[in-house]
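Chemist: Have a look at this prediction, sequence included:
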Amino acid sequence: MKRICLPEGAEQPLRLALGERLRSLRIGKGLTQKQVAEALGIERSTYTYYEVGRSLPGLPVIIQLVNLFGTSADYLLGIEIPGQG
């Protein structure tokens, strides 16, 4: 799997922001980490790493998360679109 290259110093804040959003969305839906991991077809520990900012999911998992939580990739990744923030 190819690794996404981010500007130096940008990956850690992205991982933490994504993790916070994932945790908030999961709790809002009343789901456990295990339930989300099963829905994604991944190990619970892998999903936990996403929530605590230890790793970033790949694009296929991001798409699954968007569909599972009914949100946008922009929101998950903390992307602000000019004129819409």
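Modeler: Cool, the structure landed. Residues are numbered from 1 along each chain as shown.
Chemist: Now do the helices for this protein: every range, in order, please.
Modeler: 11-28, 33-40, 44-52, 59-69, 73-77 (DSSP state H).
Chemist: Please compute how far the third one lies from its chain's middle.
Modeler: It stands for helix 44-52. Relative to the centre of its chain, helix 44-52 is centred 9 Å away, using Cα atoms, centre = their mean, to the nearest Å.
Chemist: Buried residues in that helix, which are they?
Modeler: Residues 47-51 are the ones in helix 44-52 that count as buried (16 or more other Cβ atoms under 10 Å). Every residue, glycine included, has its C-beta placed from N, CA and C.
Chemist: need the contact list for the closest residue in space to Thr48 that isn't next to it in sequence.
Modeler: Nearest-residue entry for Thr48: Gln33, 5.6 Å, with adjacent residues in sequence omitted and distances by Cβ to Cβ, 6 or more residues apart in numbering. Taking Cβ atoms under 8 Å, 6 or more residues apart in numbering as the criterion, Gln33 is in contact with 26, 44, 47-48, 51.
Chemist: pretty sure Leu40 is touching Ile62, no?
Modeler: No: counting by Cβ atoms under 8 Å, Leu40 stays clear of Ile62, with 10.3 Å between them.
Chemist: residue nearest the centroid of the chain?
Modeler: Leu18 (4.7 Å; Cα atoms, centre = their mean).
Chemist: measure it to Glu43 for me?
Modeler: Going from Leu18 to Glu43 by Cβ to Cβ, to the nearest Å gives 18 Å.
Chemist: swap in Ile63?
Modeler: The separation that Ile63 has from Glu43, given Cβ to Cβ, amounts to 19 Å.
Chemist: for Arg26, same thing?
Modeler: According to Cβ to Cβ, Arg26 stands 16 Å off from Glu43.
Chemist: So for those two, which sits in the more crowded spot?
Modeler: Using other Cβ atoms under 10 Å, the more surrounded residue of Arg26 and Glu43 is Arg26, with 19 against 12.
Chemist: Per-residue pLDDT of the more buried one, please?
Modeler: pLDDT, Arg26: 97.
Chemist: got a list of what it touches?
Modeler: Arg26 makes contacts with 32-33, 36, 51, 69, as judged by Cβ under 8 Å, 6+ apart.
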